[in-house]
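Enquirer: Just the structure for this:
(chains A and B)
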Amino acid sequence: MYLVALKMLTGDRIKFITLVIGLTLSVLLITQQGSIFWGIMSRFFTTINNAQADIWVMDPTTEQVDSPSPMDNTVLPRVESVPGVAWAKPYRLGTGNARLRSGISRAVQLIGVDSDSLVGLPQNVIAGSIAELNTPDAVVVDKNELKKLGDPGIGDTFEINDQRAKVVAIINTNRNFLSLPLIYTTYDRAQSYTPVERKFLSYILVKPEPWISGPNLARRITKLTGLGAYTEEEFKSRTLAWYLKNTGIPINFGITVTLGVIVGAAIAAQTFYTFTLENLKHFATLKAMGLTNWMLTKMVLFQSFLVGLIGYGNGLGLMAWFGSTVPKKTVLAFNTHPALLLIAFVAVVFVCTISSLLSIQKIVRVEPATVFRG
Amino acid sequence: MTTAIKIENMNKSFRSGPTVSHILHDINLTLPTGEVILIVGPSGCGKTTLISIIGGILNADDGEVTVFGQSMVKMSGREKTEFRKKYIGFIFQQFNLIPTLTVQENAAIPLLIQGVNRELALEKSKELLDSVGLGDRLESSPVQLSGGQQQRVAIARALIRDPKLVICDEPTASLDGPTGRKIMETLRTMASQADRCVLVVTHDSRIFEFGDRMVKMEDGRVIEEGKTVEGKIHA
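Expert: You can find the predicted model right below:
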């Protein structure tokens, strides 16, 4: 009887295609908007991803990575002395003003890393050598926003806060949310680029000894120093939670995703219900011939979930196509979290269940005697 | 001949809000096997309600309805569904074929409902369609067939489970005279088997001659019933 159900479903091509399109669009909206949302969210913790540190130590009032409360340099030895710390390196995250050779000024994100270890500096070198960061005026720039710096090459110079900077390497990093050019230099030079501040240290990047886990060491650092200390994942979550709580971004995307589900559900449920009404005479005939309500219910569920599965596949396919083409040509943030696939699947199941229930209650109630009414 | 259908003191009414409509009054009938039984009467006299109760798709208010020895009154809904599946074939005025299925698949549906293997069901369907002269239209859609051809598909569908009772609702109403006669000849052949019964609700006087027995109804009552000779009840 499932084949009969399939043929009844696909027999009316227009309705079948409308149903599939409704669910496809719904899945596409959920996954595409969800991927953009997660893409933007991921950019909030780009700095954390770029630095690749096991543990981040910070002033306890720091709420998220891009807005650190500066600390005094004297806290560094205190952290180094905590049992279980293999090493601890300073990390400065601030902004500066770059004046290009063309005379244009640009806001930049200025990051200072430990000059010996270069801990916190991404290692994906495209041109030049990061080892030269210790030469006078040396800076490393990221390729994503190179145009905003006037497309400098290796050896080219520009000014940061009226001081000379010379490009010694170009690296590949993850884009950040503000799309500011990232400029890496040594911690000391970052200090010289920056107007005098009493407290300059943004973070301390820590590597644990092999015998202690990251979370345990983080708790220990907090306990012994009174500073905030988080593993990479904990700090990402903390940053993400701050943005979710303090910006309208999740609400905006939440509305779009919810609308996707509602529109998809409305189209699918309405079309499926119309399909049921048009076939009610046939369902009544099948009942008169001895088909049970349970079997009819299974047929309707089969029809509904088959359409749902096709719509889900199509929606994911379109989202994958979008994700593999558009972001490459633009600065669009796009990152598909695996949970999104599950959310879209649950949404499809929800839409199919609603559609089926409307139809099933109609079919179960239809009197087989209606087949004699001409 | 044995008794196919026995109805005793049966009544049926429908309630719509505060209004109660009495459709069938004190019906008493004993109908034998091996006959084509015509149920005739003006519109609204209760013919369709009567066959719906006999066919187990409506419940009687009271009285007793026995079909091939089984009480329809005592059966649960599930048992009635099972009974229809095993013993009854239906033929409808509007054929009620599913347009998205082929002719062969439409005729096979009752066997598929019964859980018979699809290949076997289609094979049996082909045999029956051959016997009603539609062996060359197996893959056609019902909408590509004439009214007479569609009704023959409906007959094949009704007979495919070899039912003991075939209930026909105005089977010739949408057909021209010659086609209607062919349909009735097919039904008569089927009814000629000793343990079978064909029940036909009709207004169509052109087919009265095919009835072995006639039940005349008016205002929800049986007003005359008996064997027929040349389309008339033999006194």
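Enquirer: Checking my notes, residue A:310 in a helix, right?
Expert: Yes. Counting by DSSP: H, G, I helix; E, B strand; the rest coil, residue A:310 is found in a helix.
Enquirer: What distance do you get for it to chain B?
Expert: Distance, residue A:310 to chain B, by Cβ to the nearest Cβ, to the nearest Å: 17 Å. Using the backbone N, CA and C atoms, a C-beta is placed for each residue, glycine as well.
Enquirer: just residue A:246 next, same as before
Expert: Taking Cβ to the nearest Cβ, one finds residue A:246 at 55 Å from chain B.
Enquirer: Look at the residue in the stretch 101-250 of chain A that chain B sits nearest to and give its secondary structure.
Expert: Nearest residue of the stretch 101-250 of chain A to chain B, counting by Cβ to the nearest Cβ: residue A:250, 45.2 Å away. Three-state call for residue A:250 (three-state DSSP): helix.
Enquirer: My guess is it contacts residue A:244. True?
Expert: Yes. Counting by Cβ atoms under 8 Å, residue A:250 does reach residue A:244; the two are 5.0 Å apart.
Enquirer: So for those two, which residue has more residues nearby?
Expert: Higher neighbour count among residue A:250 and residue A:244: residue A:250, with 16 against 13, using other Cβ atoms under 10 Å in any protein chain shown.
Enquirer: What residues does the closest residue in space to residue A:102 that isn't next to it in sequence make contact with?
Expert: Counting by Cβ to Cβ, 6 or more residues apart in numbering or on different chains, residue A:102 lies nearest to residue A:150, which is 5.6 Å off, once chain neighbours are set aside. By Cβ atoms under 8 Å, 6 or more residues apart in numbering or on different chains, the contact list for residue A:150 reads A:100-102, A:104, A:158.
Enquirer: if we take these, which one ends up nearest to residue B:100?
Expert: Using Cβ to Cβ, the shortest approach to residue B:100 within these belongs to residue A:104, at 67.2 Å.
Enquirer: How many residues are close by the closest one?
Expert: By the criterion of other Cβ under 10 Å, residue A:104 has 12 neighbours.
Enquirer: contacting residues around it?
Expert: Neighbour list for residue A:104: residue A:150 [criterion: Cβ under 8 Å, 6+ apart].
Enquirer: How about residue B:91?
Expert: When contacts are counted by Cβ under 8 Å, 6+ apart, residue B:91 touches B:151, B:154-155, B:158, B:166-169, B:171.
Enquirer: one more time with 6 Å, if that's ok
Expert: Going by Cβ atoms under 6 Å, 6 or more residues apart in numbering or on different chains, residue B:91 touches B:154, B:158, B:168, B:171.
Enquirer: Including pLDDT, distance to chain A and neighbour count, could the residues you listed go into CSV?
Expert: Listed next are the contacts of residue B:91 as CSV, based on pLDDT from 0 to 100; distance: Cβ to the nearest Cβ, whole Å; neighbours: other Cβ atoms under 10 Å in any protein chain shown:
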residue, pLDDT, distance to chain A, neighbour count
B:154, 86, 10, 27
B:158, 84, 9, 25
B:168, 88, 10, 27
B:171, 79, 12, 28
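Enquirer: Touching, residue A:289 and residue B:110? I think so.
Expert: Yes. Look at residue A:289 against residue B:110 with Cβ atoms under 6 Å: they come within range, at 5.3 Å.
Enquirer: between these two, which one's more packed in?
Expert: More crowded of residue A:289 and residue B:110, by other Cβ under 10 Å: residue B:110, with 29 against 24.
Enquirer: With adjacent residues omitted, what lies nearest to that one?
Expert: For residue B:110, ignoring the flanking residues on the chain, the nearest one in space by Cβ to Cβ, 6+ apart is residue B:161 at 4.8 Å.
Enquirer: Packing partners of the one helix or strand residue A:234 maps to?
Expert: Assignment of secondary structure by DSSP states H and E places residue A:234 within helix A:232-246. Applying 3 or more Cβ pairs under 6 Å, 6 or more residues apart in numbering or on different chains; DSSP states H and E, one finds that helix A:232-246 makes contact with helix A:13-44.
Enquirer: between the helix it packs on and helix A:232-246, how big is the angle?
Expert: 110 degrees (axes from the mean of the first three to the mean of the last three Cα atoms, to 10 degrees).
Enquirer: who touches the helix or strand just after helix A:13-44?
Expert: Once helix A:13-44 ends, the next helix or strand along the chain (criterion: DSSP H and E) is helix A:46-51. Residues outside helix A:46-51 that contact it (Cβ under 6 Å, 6+ apart) are A:65, A:120, A:122, A:173-174, A:176, A:235-236.
Enquirer: give me that answer again for 10 Å
Expert: With Cβ atoms under 10 Å, 6 or more residues apart in numbering or on different chains as the test, helix A:46-51 has contacts from A:42-43, A:56, A:64-66, A:68, A:89, A:91, A:93, A:109, A:111, A:113, A:119-122, A:124, A:142, A:144, A:171, A:173-178, A:182, A:184, A:202-203, A:205, A:230, A:232-233, A:235-236, A:238-239, A:333.
Enquirer: Drop anything exposed from those.
Expert: A:42-43, A:56, A:64-66, A:68, A:89, A:91, A:93, A:109, A:111, A:113, A:119-122, A:142, A:144, A:171, A:173-177, A:182, A:184, A:202-203, A:205, A:230, A:232, A:235-236, A:238-239, A:333 (16 or more other Cβ atoms under 10 Å in any protein chain shown).
Enquirer: quick one: which of those residues sit in helices?
Expert: If you go by DSSP state H, these have A:42-43, A:232, A:235-236, A:238-239 in helices.
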